[in-house]
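Novice: here is my input; please provide its structure:
(one chain, ligands or ions: 1)
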Amino acid sequence: MQRVLVTGGAGFIGGAVVRRLLSQSQALVFNLDKVGYASDCSGIEATLQGLGSEASDRYRFMRVDLADGEATAAALREADPDLVMHLAAESHVDRSIDGPDAFLSSNVTGTFSLLEAARAHWSALPQERQQGFRFHHISTDEVFGSLGATGRFSETTPYDPRSPYSATKAASDHLVMAWHHTYGLPVVLTNCSNNFGPWQFPEKLIPVVILKALAGESIPLYGDGANVRDWLFVEDHVDALLLAATKGVPGESYCVGGHGERTNKQVVEAICALLDQLRPAGAPHARLITPVADRPGHDRRYAIDPTRISRELGWQPRHGFAEGLEATVRWYIDHLTWCHEVRERGGYGGERMGIR
Ligand code: NAD
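Specialist: Predicted coordinates:
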C-alpha cells in the first residue's frame, strides 16, 4: 500500500487531492496542515462518511506547521511516505500585500523544512523504495509574472514574480529544483493556473462574487475588470497532479491550464447570469457590479500552454469553464451555511484586503 503525505490537505486543492486519494486509490493518506484561517476538513469528513471504515483506516490528520523544522521532520518519520504532495502555502495575493511575513514563513521556510525532512527520509529508504520516491511540489503560474495581450506561459518561461505571494512561491520552486540538482531528491514540479470549484474558502474571486450577489451586496470588480486569468476546474487540476506525481519525470516541471482564459469582468458577469437563472428574485445581479480600486501591481494576464503535460502525460481537462462554473455556483448556493461558518471561524467578514 502506497503511503502518501499531502501537505495543505485542509485547504481547497489539497482537500480535493485527499478526497480523490481516499475514494479512488488504496493509499494510506497523511494530511499535514497547520490549520490556518482557510482550513476546513468538512469535505474530507463527508467523503469518509460515504466511504466507510476502510477509508477512515487509511486516513490520518497531522496538525503541523511546516515552519517548525523539528515537528516537520517528526511528521515525515511518522508518515514514512513514498510520495509527498506539497500543497501547503499561504495562497491569497491580497493577504500577501497586507502581511508578507506569513508567506515567507509558510512558503519559503516551510518548503525548506519539508525538503530537508524529505531528504533525510529519502536518503534512509531501502533502495527499491528510494527509487520510487517522489516529492511533488505544487506551484502556480503566477511565478512567471504578467503577460501582454498575446503569448502563453510554458515550462521554459523565465521566472518574473511580482507579488509577495508569487515571489515566495517562486522561491519555493527554486528551492525544490535546487534540492534535486544538488542532492538528487526526485522532485516533480507543476505550475497551474487559477483553480475554482467547491470548498474554496470564500475570499477568492468566484466564491466572493457568488456570496456578495446572493446577499444583494455590491460586487467588487478590481480596476477595469480586464485582467485575464486562465481558469481550471479543481478536479481537472487533481487529475493533472496525480499524473505528474506518478508519471512525471524527476527534475521536470509541467504547466497545467485548461484553455480557460476569461477577463475578471467576464467571470463576474457569467456568475451573475447563472444566478439570474437560479435565483431570479435577485435579477439582474449584474446591477451589483461595482468597480473598485485596482490591486497594487495587479498582473494583467496569465495564460498557460499545457502542451507538455498533455503530450507527455496524456492530461486533458474534463470540464469546460461554463460547466465547471455552473456546478460551482450551484454548490455554493447549497452550502451557504458552510460559507458563513468558515468565514466566521477564519475571522473574515468579506471585506476588501490588499490595498497599500
Ligand atoms: P488554501 O489557502 O485553500 O490552502 C492552503 C492550506 O495550506 C491551508 O489549509 C493552510 O492551513 C495550509 N498551510 C499554509 N501554511 C502552512 C504551514 N506553514 N504548515 C502547514 N500547513 C500550512 O490554498 P489552495 O488554493 O488550496 O492552494 C494549494 C496550493 O496550490 C498552494 O501551494 C498554491 O500556491 C497552489 N496553487 C493554487 C492555485 C489556486 O488557484 N488556488 C492555483 C495554482 C497553484
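Novice: so which bits of the stretch 101-250 of the chain are right by the ligand?
Specialist: 106, 110, 138, 139, 140, 169, 192, 194, 195, 201 (CB under 6 Å from any ligand atom). In this view, the C-beta of every residue, glycine as well, is placed from N, C-alpha and C.
Novice: closest one of those residues to residue 19?
Specialist: Checking those against residue 19 by CB to CB gives residue 195 as the nearest, at 14.4 Å.
Novice: count of neighbours near the nearest residue to that closest one once chain neighbours are set aside?
Specialist: Sequence neighbours aside, residue 234 is the residue nearest to residue 195 in space, at 4.7 Å (criterion: CB to CB, 6 or more residues apart in numbering). Residue 234 has 22 neighbours, counted by other CB atoms under 10 Å.
Novice: so how far is residue 319 from residue 234?
Specialist: 9 Å (CB to CB, to the nearest Å).
Novice: the strands in the stretch 101-250 of the chain, which residues?
Specialist: 134-140, 187-192, 195-196, 219-222, 228-230, 232-233 (DSSP state E, counting those that start in this stretch).
Novice: so what secondary structure elements neighbour the fifth one?
Specialist: In this case it means strand 228-230. On a contact count with 3 or more CB pairs under 8 Å, 6 or more residues apart in numbering; DSSP states H and E, strand 228-230 meets strand 261-263, helix 264-278.
Novice: so which of those is the most surrounded?
Specialist: A comparison of the helices and strands packed on strand 228-230 by mean neighbour count, using mean count of other CB atoms under 10 Å, puts helix 264-278 on top with a mean of 19.
Novice: tell me what that helix is packed against?
Specialist: helix 205-215, strand 219-222, strand 228-230, strand 289-292, helix 321-334.
Novice: do you know which of the helices and strands packed on strand 228-230 lies nearest residue 47?
Specialist: Distance to residue 47, taken as CB to CB, is lowest for helix 264-278 among the helices and strands packed on strand 228-230, at 25.3 Å.
Novice: how far off helix 205-215 does the closest one point, in degrees?
Specialist: 40 degrees (axes from the mean of the first three to the mean of the last three CA atoms, to 10 degrees).
Novice: off-centre distance for helix 264-278?
Specialist: 23 Å (CA atoms, centre = their mean, to the nearest Å).
Novice: contacts for it, please.
Specialist: For helix 264-278, contacts defined as CB atoms under 8 Å, 6 or more residues apart in numbering pick out 205-206, 209-210, 213-214, 219, 221-222, 224-229, 231, 262, 282-286, 288-289, 322, 325-326, 329-330, 333.
Novice: may I see the helices and strands packed on helix 264-278 organised as TSV, with mean neighbour count and distance to residue 241 added?
Specialist: Shown next, in TSV, are those (neighbours: other CB atoms under 10 Å; distance: least, CB to CB, whole Å):
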stretch	mean neighbour count	distance to residue 241
helix 205-215	21	20
strand 219-222	20	28
strand 228-230	23	17
strand 289-292	14	34
helix 321-334	18	17
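Novice: export the helices and strands packed on strand 228-230 to CSV and append columns for distance to the ligand and mean pLDDT.
Specialist: Below are those laid out as CSV (distance: least, CB to the nearest ligand atom, whole Å; pLDDT from 0 to 100):
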stretch, distance to the ligand, mean pLDDT
strand 261-263, 14, 97
helix 264-278, 13, 98
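Novice: would you list the ones you listed in JSON lines and tack on distance to residue 18?
Specialist: Below are those laid out as JSON lines (distance: least, CB to CB, whole Å):
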{"stretch": "strand 261-263", "distance to residue 18": "28"}
{"stretch": "helix 264-278", "distance to residue 18": "27"}
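Novice: among those, which is nearest residue 311?
Specialist: Of all the helices and strands packed on strand 228-230, it is strand 261-263 that lies closest to residue 311, at 20.4 Å by CB to CB.
Novice: now, of the residues of the stretch 101-250 of the chain next to the ligand, which are buried?
Specialist: 106, 110, 138, 139, 140, 169, 192, 194, 195, 201 (16 or more other CB atoms under 10 Å).
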